[in-house]
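# predicted model and sequence below, questions to follow.
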Protein chains: 2
Amino acid sequence: MSGSVSEARQWARLMELAEIGGFAVPGTEDIGVNRPCLSALDRQARRVMIDWARAIGCEVSVDEAANLFFRREGTEPGLAPVLTGSHMDTQPEGGRFDGIWGVVAGLEALTAMHDAGVTTRRAIELVAWTNEEGGRFRPGCTGSMNWSGHTKPEAFRAILDGDGVTYGAALDEQLALEADIPRRALGGVPHAYVEAHIEQGPILEAEGFDIGVVTGIQGSRWFTVTLTGETAHAGTAPLRGRRDAVQDMVRAIVALNALTADPTDTLRFTVARVEVSPNTSNSVANRATFTIDLRHPDKGVLVAKGDAMLATIRGAVRDCAVEMVENFHAMPVPFDPLVTGAVAAAAAAEGLRARELPSGAFHDAQFVVPLCPTGMIFVPSRRGISHNPAEYSSPAQLAAGARVLTRVLERLAA
Amino acid sequence: MSGSVSEARQWARLMELAEIGGFAVPGTEDIGVNRPCLSALDRQARRVMIDWARAIGCEVSVDEAANLFFRREGTEPGLAPVLTGSHMDTQPEGGRFDGIWGVVAGLEALTAMHDAGVTTRRAIELVAWTNEEGGRFRPGCTGSMNWSGHTKPEAFRAILDGDGVTYGAALDEQLALEADIPRRALGGVPHAYVEAHIEQGPILEAEGFDIGVVTGIQGSRWFTVTLTGETAHAGTAPLRGRRDAVQDMVRAIVALNALTADPTDTLRFTVARVEVSPNTSNSVANRATFTIDLRHPDKGVLVAKGDAMLATIRGAVRDCAVEMVENFHAMPVPFDPLVTGAVAAAAAAEGLRARELPSGAFHDAQFVVPLCPTGMIFVPSRRGISHNPAEYSSPAQLAAGARVLTRVLERLAA
């Protein structure tokens, strides 16, 4: 019943939730949101969601990772439910749409079905995952990692926030304050999972598409490179004898650019953190450290390019010792044709322009992939800006996304 | 009377002074020295010098900038004296030779003349300039700048050290504690000035020379370049639309390398300080700031290359706004043939291998240039290392330098 989706209601709900932790940015019309997970603001927003969901007859429950579930029963309650959702926490200077829209869009879909009196064979469950952003407690996605069995809850309890509060203590406090909400067990085997999210990249907007049919989450490899040379007096040391770590860093980056050049502009290669020592204008640098963030949706490319980096750097530098450490890797996660097909079909049925694209960012969806057919729906992000008060998707774009989500949920739950 | 120069005595004096503020570097045989100007250690070292100088009949005096003078009278006291000297302060983690050797070499020359009963027509004055290094109070060379009239003493009094002590207060304290030393006026017009110093560069050692006939002090221009782009998500932002400040910095440095390429390896171009913002591995940098240190002994080259830099950077960057500020410049200072000729002749007479070279570093000598014929004598520095406990010149190398200095002083004072 995508026809019962209300652009105005969905927008009004988003704006109401944006006031919980919201702040104006002086000199702009942007509204930022700072709503840390497991905070009083988070709980306030959850209570609002709970009221809205109960008003349309949903059963509410919470698991020990504080993942919050809203269930709209199906005609055959014993069947595996269809799961949708996203997260409600934000980055410290986040926007109004990242995460929360996926939750509100799920509620909009359930509300549209309720208003239209639609029944589905399977139950549909909407989930708000705990701590996707990792803004208060690193890493993020702890809620979906616990739920999926990827990581045991104990593994995260000792993580500290900036005020010295442990994740475990914050979780216990939240669960105590939500003791009135029925508890459910971690885990489950849904029939399928679909997550609606803003793109957080510029492709849909730039190319004039309404909907992104997300084919998977690209893989990432993160490295730190340290070049060690020798300091020298900038005035007295001839260039020929120097072991200048800044100059070797420049040589290394130029060579890495060549290694990672991609005419299709699919590969993401980023050097964004640089530390130089002693970092004094008149002493040749004896050390330069820089990070590499490499991403690609194809595992073969990710492995080949990442594995070639050390030799590329060694071949490029002239005078410095090279050390390279891989700090993190995540292989690409492909989504399931059951879901991607449903998204493409729903967009077509709505008369929307859709294109396939991989997700450049991480999402809770990647931890659901091992359990059931999974997919995501993207809507355009203005100029691709996210994690920023300037983050924006229009009411119409978000309503189109909610209509697609409604059709996908109805189809998967049929 | 260069034959009366004593390698052993000069070395012993250097080692004795190195104990005042000296420290061993664990795991090496290096001895570092931390002797800040206008400190108790500085005063202790000055008292040792005063005792040695008085023992050979020198008159001691101090001016209001705390520059310390030792005068060996000539047969015609009314003639302008020949001046030599250097400084006794060190960098916080300095070595045993930078500065102090020029003072000890001057004393060695006067001692050799004393021992040999040599008389000169002109008096010879040895000076220990205050605060050449700028290690405690920035800028350095305040003593020679005050003495030469380059800058009035009042201009420096408010400078703070790291503990919040003003230069003026430290100066007053030192002068009060040296109230027993006769006071002399700032300034003077010497017949000539010659300063002995370690090279602080690798050229003499690498090319097998004993003595550097310093032709002048190269000019310097210091710039700060700021490139401003836009931050973006390293996973979601295609490379084509990025305004990546790190990548534009790399482009700028590659272009500046081409602009400043010098087959003679005379030009010094250094990028040694880099700051990136937000400096997070997964957010494309929206700002990169880097310094440029450009030096050349030829004013024409210095001006042309420095003036071409902004256009070179603008031509090289792809996406960022460019801002460039010149923070400092000092034009090249040429030394006088009267002194450089005397140095070359003295080296030849001693049978030493000498080559002309410019000074890459700043020295007090540059502030004496406007007042009288000026020059410097360099001895080799092991591996060019300076401002470091590993700084080293051998007893024999330093003795050769003292013999050349003795000959130069005798000739200029004849």
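Ah, there it is. Residues are numbered from 1 along each chain as shown, chains lettered A, B, ... in the order given.

# what values do phi and psi take at the residue nearest to A:T111 when sequence neighbours are not counted?
In space, and not counting its chain neighbours, A:T111 is closest to A:I56: 5.4 Å by CB to CB, 6 or more residues apart in numbering or on different chains. No exception for glycine: its C-beta is placed from N, CA and C like everyone else's. Per-residue torsions, A:I56: phi -110, psi 20 (degrees, to the nearest 10).

# what is the neighbour count of A:I56?
By other CB atoms under 10 Å in any protein chain shown, 15 other residues sit near A:I56.

# same check, this time on A:V165
A:V165 is flanked by 16 other residues according to other CB under 10 Å.

# phi, psi of it?
Backbone torsions of A:V165, given as degrees, to the nearest 10, read phi -90, psi 130.

# per-residue pLDDT of the residue nearest to A:T111, please?
Looking at A:I56, its pLDDT is 98.

# so the residue nearest to A:G162 when sequence neighbours are not counted: helix, strand or coil?
Closest residue to A:G162 apart from its sequence neighbours, by CB to CB, 6+ apart: A:R136 at 7.5 Å. Under DSSP: H, G, I helix; E, B strand; the rest coil, A:R136 falls in the coil class.

# quick one: residues contacting A:R136.
A:P36, A:C37, A:L38, A:S39, A:D89, A:D161, A:G162, A:A170 (CB atoms under 8 Å, 6 or more residues apart in numbering or on different chains).

# identify the residues contacting the fifth one.
If you count contacts by CB under 8 Å, 6+ apart, A:D89 has them with A:R35, A:P36, A:C37, A:D42, A:G99, A:T130, A:N131, A:E132, A:E133, A:G135, A:R136.

# among these, which two are most distant?
Farthest pair in the contacts of A:D89 (CB to CB) is A:G99 and A:R136. Separation: 13.5 Å.

# quick check: residues of the stretch 101-250 of chain A near chain B?
A:199-203, A:206, A:218, A:220, A:222, A:231-241, A:244, A:246-247, A:250 (CB under 8 Å from any CB of the partner chain).

# got the contacts of A:D89 as CSV, with distance to B:D262 columns?
Below are the contacts of A:D89 laid out as CSV (distance: CB to CB, whole Å):
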residue, distance to B:D262
A:R35, 57
A:P36, 55
A:C37, 57
A:D42, 61
A:G99, 55
A:T130, 60
A:N131, 56
A:E132, 54
A:E133, 51
A:G135, 50
A:R136, 53
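
# let's see which of those end up in helices.
A:D42 (DSSP state H).

# any chance of TSV for the contacts of A:D89, columns pLDDT?
Shown next, in TSV, are those (pLDDT from 0 to 100):
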residue	pLDDT
A:R35	97
A:P36	97
A:C37	97
A:D42	98
A:G99	98
A:T130	98
A:N131	97
A:E132	96
A:E133	93
A:G135	88
A:R136	93
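
# wait, which of the contacts of A:D89 is closest to B:T291?
Checking the contacts of A:D89 one by one against B:T291 (CB to CB), the nearest turns out to be A:G135, at 33.7 Å.

# now do the contacts for the closest residue to that closest one other than its chain neighbours.
Sequence neighbours aside, A:Q91 is the residue nearest to A:G135 in space, at 4.6 Å (criterion: CB to CB, 6+ apart). A:Q91 makes contact with A:N34, A:D98, A:E133, A:G135, A:H387, according to CB under 8 Å, 6+ apart.

# tell me the contacts of the last one?
By CB under 8 Å, 6+ apart, the contact set of A:H387 is A:Q91, A:E93, A:G94, A:G95, A:D98, A:Q200, B:H233.

# part of a strand, is it?
No: A:H387 is assigned coil when assessed by three-state DSSP, not a strand.

# verify the stated contact: A:P182 with A:V60.
Yes: with contact defined as CB atoms under 8 Å, A:P182 reaches A:V60; the gap is 7.1 Å.

# who has more neighbours, those two?
A:V60 (20 against 11).

# the more buried one pairs with what?
Judged by DSSP bridges, the bridge partners of A:V60 are A:F70.

# so it touches A:A53, yeah?
Yes: in this structure, A:V60 is within contact of A:A53 by CB under 8 Å, at 6.1 Å.

# overlap in contacts of these two?
Shared contacts of A:V60 and A:A53 (CB under 8 Å, 6+ apart): A:F70.

# any idea which element A:A196 lies in?
When elements are assigned from DSSP states H and E, A:A196 belongs to strand A:192-198.

# look at A:T340 and give its secondary structure.
With three-state DSSP as the basis, A:T340 sits in helix.

# ok, now which ones touch the nearest residue to it once chain neighbours are set aside?
Distances taken as CB to CB, 6+ apart put A:G375 closest to A:T340, at 5.0 Å, once the chain neighbours are dropped. Residues in contact with A:G375 (CB under 8 Å, 6+ apart) are A:192-195, A:213-214, A:335-336, A:338-340, A:342-343, A:365.

# and the strands in the stretch 101-250 of chain A?
Here the stretch 101-250 of chain A has its strands, by DSSP state E, counting those that start in this stretch, at A:124-129, A:192-198, A:211-217, A:219-228.

# to A:E350, which of those strands lies closest?
So among the strands of the stretch 101-250 of chain A, strand A:211-217 is nearest, using CB to CB, at 8.1 Å.

# C-alpha coordinates for the helix or strand harbouring A:R251, CSV please?
A:R251 is located in helix A:245-260, with elements delineated by DSSP H and E. C-alpha atoms of helix A:245-260 as CSV (Å, rounded to 0.1, in the frame of the first residue of the first chain):
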residue,chain,number,x,y,z
ALA,A,245,60.6,11.7,4.5
VAL,A,246,58.2,14.3,3.0
GLN,A,247,59.7,14.0,-0.4
ASP,A,248,59.5,10.2,-0.2
MET,A,249,55.9,10.4,0.9
VAL,A,250,55.1,12.5,-2.2
ARG,A,251,56.8,9.9,-4.4
ALA,A,252,54.9,7.1,-2.7
ILE,A,253,51.5,8.8,-3.1
VAL,A,254,52.2,9.6,-6.8
ALA,A,255,53.0,5.9,-7.3
LEU,A,256,49.9,4.8,-5.4
ASN,A,257,47.8,7.1,-7.5
ALA,A,258,49.1,5.3,-10.6
LEU,A,259,48.5,1.9,-9.0
THR,A,260,44.9,2.7,-8.1
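
# and that helix, what does it pack onto?
Judged by 3 or more CB pairs under 8 Å, 6 or more residues apart in numbering or on different chains; DSSP states H and E, the packing partners of helix A:245-260 are strand A:219-228, strand A:268-270, strand A:274-277, strand A:287-296, helix A:299-316, helix B:245-260.

# chain center to it: distance?
30 Å (CA atoms, centre = their mean, to the nearest Å).

# repeat that for stretch A:159-177.
Per CA atoms, centre = their mean, the displacement of stretch A:159-177 from the mean C-alpha position of its chain is 22 Å.

# check stretch A:256-265 too.
In terms of CA atoms, centre = their mean, the centre of stretch A:256-265 is set 25 Å apart from its chain centre.

# need the contact partners of that stretch.
The contact list for stretch A:256-265 (CB under 8 Å, 6+ apart) reads A:267, A:269, A:271, A:292, A:294, A:305, A:308-309, A:312-313, A:316, B:238-240, B:247, B:250.
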